[in-house]
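K.L.:
A structural model of the following input is requested.
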Amino acid sequence: MNLLRTKSIEQSIADADEPGRKLKRSLSTWDLMIMGVAVAVGAGIFSVGAKAAANFAGPAVTLSFAIAAVTCALAIMCYAEFATAIPVAGSAYVFTYATMGELLAWIIGWNLILELFTAAAVIAKYWGIYLSKVFALTGLDVPPAISLGGVDLYWGAFLIVAIFTVLLVLGTKLSARVGNIFTLIKIAVVLFVIVVGFTYVKVENYTPFVPAAEPTAGTGAADVLKQSFFGFLTGAAPAQYGTMGIFAGAALVFFAFIGFDVVATSAEEVKNPQKTLPRGIFGGLALVTLLYILVSLALTGMVSYAQLAEAKSPTLTTAFEAVGDTSAAKVIAFGSLVGLTTVIMVLLMGLSRVVLAMSRDGLLPRALSKTSDKRSTPVRLQIICGAAVALVAGLTNVDLLEEMINIGTLSAFVVVSLGILVLRKKRPDLKPAFRVPFGKVLPVVSAVLCLYLMTNLAVETWIFFAFWLVIGLAIYFAYGQRHSRLNERSAEANASVNSGPGAGARAADASDDQDQLSRT
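P.N.:
Residues are numbered from 1 along each chain as shown. All right, here's what the predicted structure looks like:
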């Protein structure tokens, strides 16, 4: 059992052209840039920043966003180098398979499924709740959930997931066009929020910019589970604000940057990926970072962070209501609804592409990787993903696992960052169109930053994450390892050389070939 066997880049590219399992290249730089903005600028810009300011960083939440953006930018550089070298669907999973071996590739793919599935389900549920708020603003009382046999059914989640599942089945380019329209609308709403918000700014609200650290109000085991894993490891008492609060805030607002690794999963559907991918990803990241920082400055300048902390679930609406502008709150509610819409679409697409890549390799059932001859989309898989997301979003308290999205993303970022060093050593002959500058320095810094942000997530998040990994490993050893195409090819090669005259010599040659394969 060779758990560290790697899949060659050439084989990954060849598998992407397998008849009946290939995707159509139809996306441009503009499509990718808008896709990144579409998945990143969601409800997070209206709620996550307010929550981080209220509970962790105060006005220094601007620094939290900057730290998260720098961390994301470093990791995305590594993604861009990989994606231009291996322009196929699957993102971090494919990159890890080519550098660090099958077992770790499975773990990263499993974590990507965690990230994308949980994010899609959480946001689909929020979409239904925001839809009810928009109805309420127009005078209609439409509850977000209906009771069926004692179970709350969030009907909005079913509606939005069904709509975008159909669009994604019909074609990636069509869904991208619909997403572009929604994205331009929500950028306009965000700009409105920034401009109006700055008219209410009071400079004294920025003081103190970094509030002094103070112990959290709770006590006991429950409070320990909510503190950062780093604080737990170092024996620090549960606390908020201060310098550590800035990093805890960065770990939370990192949720707002998850979209850019999703964009990398579309590499196989991009025209001229060597040039298009880096331009699209970095253009989108720059725009999103600028919008986030301006929104956080407006938010913390409008009201004191202490006032935000008094709210149970602080959002931008909380700030506008505090200054007496209820009309802006209506615009924010509409913007949140539009913002969430495109996020769901991109996450559903990313989820199906990761599962498609893993099923191509046999680690998941091969039947899932079949694509439509007419539309070149994974119809069956997209419907399965949509149905699963809708059921979980509509029938469970999936929002309790919100931080799981971040830990799944950050774990993939750590491995991809280190994988660049492995790729350069194993394949010095590769000349990707984009290369992370400053040699080994930036990939290492990226891995360290991502790992540190992971430790700033709550203890309970790490406990859930450990359970998820155990389940994933059980599935791999029960199914994936035995059905791996790489394993089957190796077994076939060994069988062919171990029969007939000269079997011994051919077996030795096959062993040498297999060693060479694992190195390349």
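
K.L.:
so how far is stretch 159-166 from its chain's centroid?
P.N.:
20 Å (Cα atoms, centre = their mean, to the nearest Å).

K.L.:
repeat for stretch 427-438
P.N.:
Worked out by Cα atoms, centre = their mean, stretch 427-438 lies 24 Å from the chain centre.

K.L.:
same deal with stretch 87-106?
P.N.:
16 Å.

K.L.:
stretch 411-421 now?
P.N.:
With Cα atoms, centre = their mean as the basis, the mean position of stretch 411-421 lies at 15 Å from the chain mean.

K.L.:
heads up, I number from 10, so please use that
P.N.:
I'll keep to 10 as the first residue from here, and by that count the last item is stretch 420-430.

K.L.:
so for it, mean pLDDT?
P.N.:
Computed over stretch 420-430, the mean pLDDT rounds to 88.

K.L.:
just the CA coordinates of that stretch, formatted as CSV?
P.N.:
Output in CSV follows, covering the C-alpha atoms of stretch 420-430 (Å, rounded to 0.1, in the frame of the first residue of the first chain):
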residue,chain,number,x,y,z
SER,A,420,-5.9,23.7,5.7
ALA,A,421,-5.9,23.6,1.9
PHE,A,422,-4.0,26.9,1.8
VAL,A,423,-1.2,25.5,4.0
VAL,A,424,-0.7,22.4,1.9
VAL,A,425,-0.9,24.3,-1.4
SER,A,426,1.7,26.8,-0.1
LEU,A,427,4.1,24.1,0.9
GLY,A,428,3.3,22.1,-2.3
ILE,A,429,4.8,24.8,-4.4
LEU,A,430,8.2,24.0,-2.9
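
K.L.:
can you give me the buried ones in it?
P.N.:
Buried positions in stretch 420-430, judged by neighbour count with 16 or more other Cβ atoms under 10 Å: Ser420, Ala421, Phe422, Val423, Val424, Val425, Ser426, Leu427, Gly428, Ile429, Leu430. Every residue, glycine included, has its C-beta placed from N, CA and C.

K.L.:
next one: the first one from Ile484, what distance?
P.N.:
Which is Ser420. According to Cβ to Cβ, to the nearest Å, Ser420 stands 17 Å off from Ile484.

K.L.:
the fifth one too?
P.N.:
Val424 is 19 Å from Ile484, where distance means Cβ to Cβ.

K.L.:
with the fourth one instead?
P.N.:
If you measure Val423 against Ile484 using Cβ to Cβ, the figure is 22 Å.

K.L.:
how about the strands in the stretch 360-509 of the chain?
P.N.:
Counting by DSSP state E, counting those that start in this stretch, the stretch 360-509 of the chain has no strands at all.

K.L.:
so where's it shaky on pLDDT?
P.N.:
Scanning the stretch 360-509 of the chain for pLDDT under 70 picks out 408-409, 502-509.

K.L.:
and the strands in this protein?
P.N.:
Along the chain, the segments classed as strands by DSSP state E run 155-157, 160-162, 223-224, 248-249.

K.L.:
run through the neighbouring helices and strands of the third one.
P.N.:
Secondary-structure packing of strand 223-224 (3 or more Cβ pairs under 8 Å, 6 or more residues apart in numbering; DSSP states H and E): strand 248-249.

K.L.:
tell me the mean pLDDT for the strand it packs on?
P.N.:
Mean predicted lDDT for strand 248-249 stands at 70.

K.L.:
follow-up on the earlier one: with mean neighbour count added, can I get the strands of the chain in JSON lines?
P.N.:
Putting these into JSON lines (neighbours: other Cβ atoms under 10 Å) gives the following:
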{"stretch": "strand 155-157", "mean neighbour count": "10"}
{"stretch": "strand 160-162", "mean neighbour count": "14"}
{"stretch": "strand 223-224", "mean neighbour count": "11"}
{"stretch": "strand 248-249", "mean neighbour count": "18"}
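
K.L.:
as CSV, the ones you listed with distance to Ala129 would be great.
P.N.:
Listed next are the strands of the chain as CSV, based on distance: least, Cβ to Cβ, whole Å:
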stretch, distance to Ala129
strand 155-157, 22
strand 160-162, 18
strand 223-224, 36
strand 248-249, 30
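
K.L.:
which stretch in those strands is the model least sure about?
P.N.:
Looking at the strands of the chain, the bottom one is strand 248-249 with a mean of 70.

K.L.:
just give me the neighbour total for the residue nearest to Leu296 when sequence neighbours are not counted.
P.N.:
Computed as Cβ to Cβ, 6 or more residues apart in numbering, the closest residue to Leu296 that is not its neighbour in sequence is Val46, at 5.8 Å. The tally of other residues near Val46 (other Cβ atoms under 10 Å) stands at 28.

K.L.:
equivalent analysis for Ala487, please.
P.N.:
Ala487 has 10 nearby residues by other Cβ under 10 Å.

K.L.:
same check on Arg494?
P.N.:
15.

K.L.:
now do Lys211
P.N.:
11.

K.L.:
which residues touch it?
P.N.:
Gly310, Met311 (Cβ atoms under 8 Å, 6 or more residues apart in numbering).

K.L.:
how far away is it from Gly333?
P.N.:
In terms of Cβ to Cβ, Lys211 sits 14 Å off from Gly333.

K.L.:
what's stretch 455-468 in contact with?
P.N.:
76-77, 79-80, 83-84, 86-87, 233-239, 241-242, 253, 256-257, 259-260, 263, 412, 415-416, 419-420, 422-423, 426-427.

K.L.:
list the buried residues in it.
P.N.:
So for stretch 455-468, counting by 16+ other Cβ under 10 Å, buried means Ser455, Ala456, Leu458, Cys459, Tyr461, Leu462, Met463, Thr464, Asn465, Leu466, Ala467, Val468.

K.L.:
grab the nearest non-local neighbour of Leu427.
P.N.:
For Leu427, the closest residue by Cβ to Cβ, 6+ apart turns out to be Ala456, at 5.1 Å.

K.L.:
any idea how far the nearest residue to Leu176 once chain neighbours are set aside lies from Ile43?
P.N.:
Spatial nearest neighbour of Leu176, excluding adjacent residues (Cβ to Cβ, 6+ apart): Ser184 at 4.2 Å. Distance of Ser184 to Ile43, given as Cβ to Cβ: 12 Å.

K.L.:
neighbour-wise, which of these two wins?
P.N.:
Looking at Ser184 and Ile43 with other Cβ under 10 Å, you find the greater number of neighbours at Ile43, namely 28 against 23.

K.L.:
quick check: pLDDT value at the more buried one.
P.N.:
75.

K.L.:
same question for Ala514.
P.N.:
The model reports Ala514 with a pLDDT of 47.

K.L.:
for the stretch 160-309 of the chain, give me the ranges with low pLDDT.
P.N.:
181-182, 225-233, 245-248, 264, 267-271, 273-277.

K.L.:
Leu193 is in contact with the residue nearest to Leu296, correct?
P.N.:
No - contact criterion Cβ atoms under 8 Å: Val46 and Leu193 do not qualify, at 9.2 Å.

K.L.:
ok, back up a step: which one of the strands of the chain lies closest to Thr127?
P.N.:
strand 160-162 (19.0 Å; Cβ to Cβ).

K.L.:
list the contacts of the closest one.
P.N.:
Ala154, Ile155, Ser156, Gly403, Leu404.

K.L.:
partner strands of that strand, with direction?
P.N.:
strand 155-157 (antiparallel) (DSSP bridges).

K.L.:
buried stuff in stretch 336-356?
P.N.:
Buried-residue list, stretch 336-356, by 16+ other Cβ under 10 Å: 337-356.

K.L.:
among those, which are in helices?
P.N.:
Members of these lying in helices (criterion: DSSP state H): 337-356.

K.L.:
roughly how far does the residue nearest to Ile392 when sequence neighbours are not counted sit from Met354?
P.N.:
Ranked by Cβ to Cβ, 6+ apart and with sequence neighbours excluded, the top spatial neighbour of Ile392 is Thr174, at 6.2 Å. Thr174 is 9 Å from Met354, where distance means Cβ to Cβ.

K.L.:
for Ala128, same thing?
P.N.:
12 Å.

K.L.:
before we move on, what about Leu419?
P.N.:
23 Å.

K.L.:
now do Leu12
P.N.:
36 Å.
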